[in-house]
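# Give me the fold of what follows.
(3 chains, ligands or ions: 2)
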Amino acid sequence: MKGEAVTLEQIDKNFAKTAVVRNVSIAVQAGEFLSLLGPSGSGKTTLLMMIAGFETPNRGRISVGARDITFEAPNKRDVGMVFQKYALFPHMTVAQNIAFPLRMRRFGKAEISDRVDAMLATVQLEGFADRLPLQLSGGQQQRVALARALVAEPPVLLMDEPLSALDKKLRETLQIEIKRIQKNLAVTVVYVTHDQEEALTMSDRIAVMADGELMQIGAPTDLYHRPTNAFVAGFIGKMNFLDGEYLGQDGGEAVIRLTETATLKCPVSTVPAAAGQRLTIAIRPEDVAVRQCDGFSPQCVRGRIEAALFVGAAYVILVAIEGHSGKVLEARFAATGGSQPFVPGDTVDVIFEPHALKLFASQQRQAA
Amino acid sequence: MSPDLDFALAARQANNEEDNLSSRRRLSVRACLSSAAAGFVLFAILLFLVLPILIIFPMSFGSASYLEFPPRGLTLNWYQHYLSDPEWRAATLFSVKIAIATTFSATVIGTLAAIAFARGRFPGKSLFQALTLSPMIIPHIVIAVAVFIAFSPLNLSGNFLGFLIAHTMLAVPYVVLTVVAALQRFDTTLELAAMNCGAGRIRAFFSVVLPNIRVGVASGAVFAFLASFDEATVAFFLSGVEGKTITRKMFEDIDFNLTPVIAAVSVVLTVTSLIVMGALHLFNRDRTSAHR
Amino acid sequence: MTKPMKIRSLTGRAAAPMPNGLSARQYPLGLSLLLIAPLFLLLGFGFIYPVGRLLGQSFFAPELGLDNYRRLLETSLYLRVLIRTITVAFVVMSASLAIGYPVALAMARLRRDLSSLVMACVLLPLWTSALVRSYAWIVILQRRGLVNDVLSGLGLISEPLKLLYTEGAVILAMTHVLVPFMILPIYGALRAIPPDLVQAARNLGADRVNVFIRILLPLSLPGVFAGCLMTFILALGFYVTPALVGGPSSLLMATLIGQQTTETLDWGFAGALSTVLLLVTLLIVILFRKVLSHSRGISNVA
Ligand SMILES: Nc1ncnc2c1ncn2[C@@H]1O[C@H](COP(=O)(O)OP(=O)(O)OP(=O)(O)O)[C@@H](O)[C@H]1O
Ligand SMILES: [Mg+2]
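Ligands and ions are numbered 1, 2, ... in the order given. Take a look at the predicted model:
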C-alpha cells in the first residue's frame, strides 16, 4: 500500500453564512505527515470533515491522487479517519470494530480474520479482540480507533486531535507509535492538533490556520525559523514582539528606531513597511543576549531586569526596555551550572543579534 | 486549654444539648405521628390504585354465576367458557392479529419518521411533528367517530385493514416519541464513523444506528402493541358483526351480559399487558447491562 | 503489517452526493421526505381526512349552514352536557392531583426498594386496559357489588345504595383510570431536582415543610402542569369509562357524540359536538402552555 497525495484547492466553507474556512489551498504529498495547527475555532476540524466527506465545501476542489472527491459520498472515499473521541461502535467488540471496514468492502471471512489479527498486532492489542470498547482504557480505545481506520489500507489517514483526551505520558508514547506505523505503511496523514510540540515532533510539514485561513505551511524548522507573518511567528514557539519605526535602508540593512536613543540594524532588504512607518520587530527569547551594562555598543538597548527565573534547563529573564512603552522582553539562555547571574532591578544591556531579527507589518494579526 | 475549662465547656454543651434534646424529642414525636399519618394516606391511595385491578383475579375464579366477592368456590369454568366460546375466540384472534400488524407497521413507519424528525431537514418539519403527536391529544371519541364515518362507506369498518390503519395512526406517536428520544441520545459521530468505514447510509443505519437505538425502538413497539390491543374507543365504533375486537366484545358483554367470563377476559388482557411490559423491561435491562 | 494485501475498491450502494455546502450529519431533503412519506400517507388518510370530514360535516349535513351549532347552543340539555363535561374533567384533574402528588413525592423521595414498590402500584393500573378498570369499578359499585356488600354486611345500610351510573361513579372511575398520567410527569419533575438542593436547604435551616413548600413544590410545578393538562384533556374526551359506569343523568360529551353517531345517526350534529369538544381541548392546551411557560420562569428563578 502506498499513500496518495491530497490536494485542497481554494476551499471555502460557510456555516449559515459565517465563513469558517476561507480560500485554503494545501497540497499534501503522498506519504507525508501533515499537521493542521491552529487555535480553537480556526477551522481545522471543518477542513478534515471536508476531506472525509462529512461536509461539502461551498467552493473549491478536493482530490486524492488523481481522483476528484469534492462531492464523493463519504463511504466511497477510501479515506481513513480517527475521531477525536474515537467513535468506536459500543455494541461491537474490538475485533468487530476493526473488521467493520473490511465487512463493508465484502472481504472474505478468512481474510478479515487475518487482517484483524495483523492489525491487532500492529497496535499491540493482541489480547483484547473480544472486549467491548467500554472495557478499554482511553489509550487502548485510541489504538482500536487507529486500527479500524487503517485496516482497509486507505491511502490517506485523517486524525482529529486523536491524543487530546490522554495524559501527557501516554500521549508521548502514542506519538512515537503513530509515527512508526505511519512510516511502515507509508500512508499519507493529515493530523489535527492543538499541541504545537506534538505538531513539531511528528510532522513533515505543518499548516498553521487562523480564523479559517491558512497562515503558512512548511517544515517545522521553516515555521520556527522563517515565519512569514507575525501570527505564525508568535504561534510557534515563544516570540518577543517590539514596536519600532523603519528609518530606511543603509548598505543593504534595514535601520529601525526602537527607542529615542537606540536604533537596530537588520540585514534584510525587503521590509514590510515604507520608510518612516511603524513596524513590528520579532525576536526569539533565546536570541536575546543580556549582559551587565558596560556603556554603549551597537544593536544594544538599555533595560532593567523585572524578574529573573530559573526554569530548569534555562534561565528566563524579563527586561523592561528603557524608553520603550511596549511589553517586557523575554530573554532565555541555557543554565550551565552556577547561579542566576542577574537580580531584579539591575540595569543591563540588551543585545539584538541582527540575523535573529524578523520584521513584520505592524497591523498584522498576532497569536494571542 | 486547661482541663477545667474543658470540663466546664463540655458541661455547658451537655446542658444545651439537653434543652435541644427535649425540644427535639417533642418534635420527633410530632414527626413520627405525621409520618405515620403520611404513610397511612399513601397506603390508602396505593390500595385505591391497585385493589380494583386485583379483585378481578379472584373473581375470575369464583364459582357463582353472578358476581360475588369474595368467591365461595374456585373454578376454571369461566376461562373454559372464554376459550370455548367461538365469539370470544374470534374476537381474541382478531385483536391479536390487529395488534401484531399494528406493532409492525407503527414501529416501521414511526421509526422512519423519527429519523427524519431527528436528523432530516424538510419544510414544515415542526408543524408535521405536532400533527404526528396530535392523535395523543385529540379526544379519542372524535377520532373514533371520524374514522367510523369516513371508513364505513369504504368498507373499511369491521375489517382488518381499517383497524390496521386506525390503530397504526393511534400507535405511531408512541414510537416516534421513544425513537426520537433514543436518536437524540445517539452520538451521530458513530454514524459518520460507519460511513467513513465504507458503509452507505442504509448499512450504517442497520449496523450502527439501529443497534444503538434498539431500546427506544423496542419500547415504542411495546407501547404500540398495547395501544392497539387494549384500545377500546375506536374499536367500539369501528367493529362490525364480523370483525369485532376483544375490547368491543367485552364492551357489549359488560353492558348486556355481565358474567364472570368478563373477569376471566379481563385477567387475560391484564396478564398479556404485564407480560409484554415485563419482557420489555428485561430486554432493556439486558441491553443496558451488556453495555456496562 | 506482515502480509501482502490487495486493495479492494468499495462496493455497496452509494449515498447520493451532497450538494454544495451540505453536511452528512443531516439527512438530505429527498431522503427525509422519503422517510416521512409513509407517515404522511397514514396520517393523511387515517387522521386528517376522517377528522376533517367529520368537522366539515357539521357545516354541511343535513344542509349547508350553522344549524347544528345553533341547535347545540339553543338546547339547554346539550349546553348542560358541555358544562358537565368540563366540570367533571376539572374535578377528575383536581382529584388526580390530590391523589397523585403524594404518590409522586413518595416515589421520588422514598428508599429505593419502597419507591419501586410504589412505582409498581402506579404502573399496574397504567398497563391495564381502561376497559378492564371500568369493569372493575362496575363490579365494585353495582347494586350487589363489593361496596354495598360490605356496607350491608356491617349493618350500615338496609337497602343497597345506587352507586353505579352516577356522576360520582364516573368521577371515581375516571380518576382511577387517569391518575397515572398525573403521577408520572410530577415524578419526572421531582426526580430532576438534584438531591443536594434539598440537602443544602436542610443545611441552611429549612425544616421538612419548608423544604417542600420552598424547593420541591415550585420545582415540580412544570410536572404538575403537564400532569394536569394530560388528565384534563384525556378526561374531556374519555369515552369508555363514562359510557360504562355513567348513566343518563351523567351524560358527557363523548357519550353524547357516540349516541349521535350510532343511535340517532345525526352525523352533522356529531360533527358539531366534536368540533366544540376539539375547540375546548385546544383552548385548554393553549391555556396550560401559557401557564407553563410562565411557571418555567418562576421555577428557573427558584
Ligand atoms: N456544524 C456547524 N455549524 C455551525 N458552525 C460550526 C459548525 N461546525 C463548526 N462550526 C464553527 O466553525 C468554526 C470552526 O470550527 P472547527 O470545529 O473547524 O474548529 P477547530 O479548528 O477544529 O477548533 P478546535 O481546535 O476547538 O477543535 C467554529 O467557529 C465553529 O463554531
Ligand atoms: Mg476541532
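
# Check for me that A:Glu306 belongs to a helix.
No: assignment of A:Glu306 by DSSP: H, G, I helix; E, B strand; the rest coil gives strand, placing it outside any helix.

# which stretches of chain A form helices?
For chain A, the helices identified by DSSP state H occupy A:44-52, A:94-104, A:109-122, A:138-150, A:168-185, A:196-202, A:220-225, A:230-235, in order along the chain.

# Relative to the whole chain's centre, how far out is stretch A:353-362?
Distance, stretch centre to chain centre, for stretch A:353-362: 22 Å (Cα atoms, centre = their mean, to the nearest Å).

# Could you do stretch B:99-118 as well?
For stretch B:99-118, the distance from its own C-alpha centre to the chain's C-alpha centre is 17 Å (Cα atoms, centre = their mean).

# who's in contact with that stretch?
B:122, B:125, B:129, B:132, B:160, B:163-164, B:167-168, B:171-176, B:179-180, B:183-184, B:205, B:217, B:220-221, B:224-225, B:227-229, C:27, C:31-33, C:35-36, C:38-39, C:42 (Cβ atoms under 8 Å, 6 or more residues apart in numbering or on different chains). Backbone N, C-alpha and C define where each C-beta goes, glycine included.

# Give me the buried subset of these.
Burial by neighbour count, 16 or more other Cβ atoms under 10 Å in any protein chain shown: within those this picks out B:122, B:129, B:132, B:163-164, B:167-168, B:171-176, B:179-180, B:183, B:205, B:217, B:220-221, B:224-225, B:227-229, C:27, C:31-32, C:35-36, C:38-39, C:42.

# Just the ones of the contacts of stretch B:99-118 in helices?
Assignment to helices by DSSP H places the following of the contacts of stretch B:99-118 there: B:125, B:129, B:132, B:160, B:163-164, B:167-168, B:171-176, B:179-180, B:183-184, B:217, B:220-221, B:224-225, B:227-229, C:31-33, C:35-36, C:38-39, C:42.

# Count the neighbours of the residue of the stretch 101-250 of chain A found nearest ligand 1 for me.
Closest approach of the stretch 101-250 of chain A to ligand 1 (Cβ to the nearest ligand atom) occurs at A:His194, with a separation of 5.5 Å. For A:His194, the number of neighbouring residues by other Cβ atoms under 10 Å in any protein chain shown comes to 14.

# and of the helices of chain A, who's closest to B:Phe151?
When these are ranked by distance to B:Phe151, counting by Cβ to Cβ, first place goes to helix A:94-104 at 45.8 Å.

# Any part of that closest one near chain C?
Yes: contact check for helix A:94-104 against chain C, using Cβ under 8 Å from any Cβ of the partner chain: residues in range are A:Met104.

# how about the CA coordinates for that helix, as PDB?
Extracted as PDB, the C-alpha positions of helix A:94-104 are listed here (Å, rounded to 0.1, in the frame of the first residue of the first chain):
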ATOM      1  CA  VAL A  94     -12.700  -4.700  19.400                       C
ATOM      2  CA  ALA A  95     -12.400  -7.300  16.700                       C
ATOM      3  CA  GLN A  96     -15.800  -6.500  15.200                       C
ATOM      4  CA  ASN A  97     -14.900  -2.800  15.200                       C
ATOM      5  CA  ILE A  98     -11.700  -3.400  13.300                       C
ATOM      6  CA  ALA A  99     -13.400  -5.800  11.000                       C
ATOM      7  CA  PHE A 100     -16.100  -3.400  10.100                       C
ATOM      8  CA  PRO A 101     -14.400  -1.600   7.200                       C
ATOM      9  CA  LEU A 102     -13.500  -4.900   5.700                       C
ATOM     10  CA  ARG A 103     -17.000  -6.200   6.000                       C
ATOM     11  CA  MET A 104     -18.200  -3.100   4.200                       C
END
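
# for that helix, packing partners?
Using 3 or more Cβ pairs under 8 Å, 6 or more residues apart in numbering or on different chains; DSSP states H and E, the elements in contact with helix A:94-104 are helix A:109-122, helix A:138-150.

# who's in contact with residue 165?
If you meant another chain, say so; for now it's chain A. Under the criterion of Cβ under 8 Å, 6+ apart, the contact partners of A:Ala165 comprise A:Gln84, A:Lys85, A:Gly138, A:Gln142.

# sorry, should have said chain C
In this structure, C:Tyr165 makes contact with C:Val245, C:Gly246, C:Gly247, C:Pro248, C:Ser249, C:Ser250, judged by Cβ under 8 Å, 6+ apart.

# and the gap between it and B:Val261?
22 Å (Cβ to Cβ, to the nearest Å).

# what residue ranges in chain B score low on pLDDT?
Counting by pLDDT under 70, the ranges of chain B that qualify are B:1-28, B:65-70, B:287-292.

# Then the stretch 1-150 of chain C?
Across the stretch 1-150 of chain C, the stretches falling below the confidence threshold (pLDDT under 70) are C:1-22.

# domains of chain B?
Residue ranges for each domain of chain B read B:3-54, B:85-258, as given by automatic domain parsing.

# what about the longest one, start to end distance?
End-to-end distance of domain B:85-258: 15 Å, with Cα to Cα, to the nearest Å as the criterion.

# Could you check how far the closest residue to chain A within the stretch 51-200 of chain B is from ligand 1?
With distances taken as Cβ to the nearest Cβ, the stretch 51-200 of chain B approaches chain A most closely at B:Gly198, which sits 3.5 Å away. Spatial separation of B:Gly198 from ligand 1 under the definition Cβ to the nearest ligand atom, to the nearest Å is 24 Å.

# Please work out which of the domains of chain B is packed deepest.
Ranked by mean neighbour count, the domains of chain B are led by domain B:85-258 with a mean of 21 (mean count of other Cβ atoms under 10 Å in any protein chain shown).
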